[in-house]
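In: Need coordinates for the following:
(2 chains)
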2 protein chains.
Amino acid sequence: MLVLLTGGTGGAKLVLGFHEETAPEDLVVVCNTADDSVVHGLHVSPDVDTIVYTLAGLIDPAKGWGIRDDTFTVLDQLQRLGNESWFRLGDRDIATHVTRTRLLAEGQPLSRVTAALCRALAVRSTVLPMSDQRVETRLSTSVGDLSFQEYFVKARWQPEVQTLRYRGMERCLPAPGVLDAIGNAAMVVVCPSNPATSIGPILAVPGVRQALRETSSRVVAVSPMVQGRSFSGPAHKLMATLGVEASVTGLAGAYRDFVDVLVIDAEDQDLQPAIEKLGVEVWATSIRMDSLDDKKRLARDLLQLSS
Amino acid sequence: MLVLLTGGTGGAKLVLGFHEETAPEDLVVVCNTADDSVVHGLHVSPDVDTIVYTLAGLIDPAKGWGIRDDTFTVLDQLQRLGNESWFRLGDRDIATHVTRTRLLAEGQPLSRVTAALCRALAVRSTVLPMSDQRVETRLSTSVGDLSFQEYFVKARWQPEVQTLRYRGMERCLPAPGVLDAIGNAAMVVVCPSNPATSIGPILAVPGVRQALRETSSRVVAVSPMVQGRSFSGPAHKLMATLGVEASVTGLAGAYRDFVDVLVIDAEDQDLQPAIEKLGVEVWATSIRMDSLDDKKRLARDLLQLSS
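Out: Below is the predicted model of the structure:
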């Protein structure tokens, strides 16, 4: 069993690589849920959805989120009715949110709802939300206190971020299966997702970081950045909120208590000695995942680390 | 001010006629809400929607419900996700229900939500739900206890109905504006909607029937049937649940305490003496409304009764 900790877009690329290179049944994907939002009264779980759609073969490959060839009829009409429409929800995607919202309102936990969606979409891997309780990343910025979606989508990650916090984290528990998966994994892979807003919340769920420190399985993290800049999104901008510099060395510092191997890009190889000084093994390779072949190759290479 | 009491399809035809023949601002349309359903967790208000879409020029004229040229992408995907899909919700229509559900969850009463939808869709008439409280028509049938939508849409009004009741009616109040409108109307028109499941609930809202009896304005009812059969739907089948026979005479008996004039079809003219014996004035004319011209002509003729 291979356990993947991930956010949305960036991590999903590697999740897809593993999905293509191993038996899908052997994958347990633990998703960040601190970006979850209630939009038009519907519970949207962006990272869970990106992973589920990726595993179901439905993802829009150009955008990296949403369902391929989806239409926006509902959203256009919502806008006509006076609703905001900066959060883009496609019609098929809305069916997911409507179903999730109803099941949650009926009292089902998010983990069971996610399992039901996976079954309906013939996803053979296990997708787990990090927690069944509601956690929300809030960012103190130059333009006020924002949710992650307000910062990331509406403000296009332009405001200066002073601090961030995971609201509700202290009251939450890991979703059923998360700690067991980490404890019994052949390998745990921390996917190349934002360390502050995607991986950070998963690590902050009470018990998760401890489980990662204590597991006898190898924990491998793949860097989401090269030369101090993230491949996509604001990861490098937000690393200061973790109290570390925006570099793979900073990342190693943030993960050193539980990560055995940090996979960095060959372009960052000069930083290897500094990282190793922190007690973290380094493997430098090409970590760009532009094509499906890139994703598969990186997954294949990582699988070798588990043996 | 002209006050129209109505359900969906049948009544909406006459509402459209009045909309075309008078100043839209002068119309107050009081809609049945006992057919309201929560579908996929969304609050659907079928009669309110049919009237709002009719007045907004959006109605699907072929079906008599829903929005013209709407698509069904969300519903198809909901079905793929394992949801029932017998209740047909179009994509644009879903935007209405999503908006309504959110506003209700935020604590707004249905009457304010309806007014907001009307404003957004540039409807100039006033559309009022009969009540802001939830009422639900339940039917005891040969196949069990059904909601109106289960009976009408899912079971295509085939089961034998023994009794019906309006669940929650005793706790509900007329929506703000309903009693005032009835009291101050130039004329009240009971539209040709189902007497048991559309008009019946409106009349049963505490205070409404009394207001109709006491108003000094003329109250005119248009028959939804001819020769003992309704123009569309199960009206004639359900009249027994009101304890009256399925005929315009039966209808006159059910409405005689508050109706001044009953408008019947010329084909039913032989029943005029029997109805007049009940103390109800009769006007026989053609009440079929197949074309827009039919709707306008009937509205125009009815407007003469108000003077």
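
In: thinking residue A:177 is in contact with residue A:111, fair?
Out: Yes. Counting by CB atoms under 8 Å, residue A:177 touches residue A:111, with 7.1 Å between them. Placement of C-beta: from N, CA and C, glycine included.

In: Distance check, residue A:203 against residue A:146.
Out: Residue A:203 sits 22 Å away from residue A:146, going by CB to CB, to the nearest Å.

In: nope, residue A:260 is what I was after
Out: Per CB to CB, residue A:260 is found 35 Å from residue A:146.

In: Please list the residues of the stretch 101-250 of chain A that sit near chain B.
Out: Contact residues, the stretch 101-250 of chain A versus chain B (CB under 8 Å from any CB of the partner chain): A:101-102, A:105, A:116-117, A:120-121.

In: and those residues, which are buried?
Out: Buried members of these, scored by 16 or more other CB atoms under 10 Å in any protein chain shown, are A:101-102, A:116-117, A:120-121.

In: Give the single residue among those positioned nearest to chain B.
Out: Nearest to chain B out of these is residue A:102 (CB to the nearest CB; 3.4 Å).

In: Just to check, that closest one is in contact with residue B:78?
Out: No. Residue A:102 is beyond contact range of residue B:78, at 9.7 Å (criterion: CB under 8 Å).

In: Between the two, which contacts overlap?
Out: Counting by CB atoms under 8 Å, 6 or more residues apart in numbering or on different chains, the residues touching both residue A:102 and residue B:78 are residue B:40.

In: and the residue in the stretch 151-300 of chain A positioned nearest to chain B, how far is that from residue A:148?
Out: Chain B sits closest to residue A:154 of the stretch 151-300 of chain A, with a gap of 18.0 Å, by CB to the nearest CB. Going from residue A:154 to residue A:148 by CB to CB gives 10 Å.

In: Looking at these two, which has the bigger crowd around it?
Out: Legend: neighbour count by other CB atoms under 10 Å in any protein chain shown for residue A:154 and residue A:148, higher for residue A:148 (24 against 13).

In: Quick check: the gap between the more buried one and residue A:20.
Out: Per CB to CB, residue A:148 is found 29 Å from residue A:20.

In: Make CSV from the buried ones among the residues of the stretch 101-250 of chain A next to chain B and add pLDDT, secondary structure and distance to residue A:283 to it.
Out: Shown next, in CSV, are those (pLDDT from 0 to 100; DSSP: H, G, I helix; E, B strand; the rest coil; distance: CB to CB, whole Å):
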residue, pLDDT, secondary structure, distance to residue A:283
A:101, 98, helix, 42
A:102, 97, helix, 45
A:116, 98, helix, 38
A:117, 98, helix, 35
A:120, 98, helix, 38
A:121, 98, coil, 34
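
In: For the helix or strand encompassing residue A:181, what does the pLDDT average out to?
Out: Following DSSP states H and E, one finds residue A:181 within helix A:178-184. For helix A:178-184, mean pLDDT is 98.

In: and it, what does it pack onto?
Out: Applying 3 or more CB pairs under 8 Å, 6 or more residues apart in numbering or on different chains; DSSP states H and E, one finds that helix A:178-184 contacts strand A:27-31, strand A:126-129, helix A:208-214.

In: Point out the most buried one among the ones you listed.
Out: strand A:27-31 (a mean of 27; mean count of other CB atoms under 10 Å in any protein chain shown).

In: got the buried residues for the helix or strand just after that strand?
Out: Toward the C-terminus, strand A:27-31 is succeeded by strand A:37-39 as the next helix or strand (DSSP H and E). Residues of strand A:37-39 classed as buried: A:37, A:39 (neighbour count, 16+ other CB under 10 Å).

In: right, and the helix or strand after strand A:37-39?
Out: Once the chain leaves strand A:37-39, the next helix or strand it forms, by DSSP H and E, is strand A:42-44.

In: C-terminal to that next one, what's the next element?
Out: Sequence-wise, the next helix or strand downstream of strand A:42-44 (DSSP H and E) is helix A:46-55.

In: List the contacts of that following helix.
Out: Counting by CB under 8 Å, 6+ apart, A:6-9, A:11-12, A:15-16, A:19, A:24, A:29, A:31-33, A:35-37, A:59-60, A:64-67, A:93, A:96, A:110, A:114, A:117-118, A:121, A:123-125, A:127, A:129, A:149, A:198 sit against helix A:46-55.
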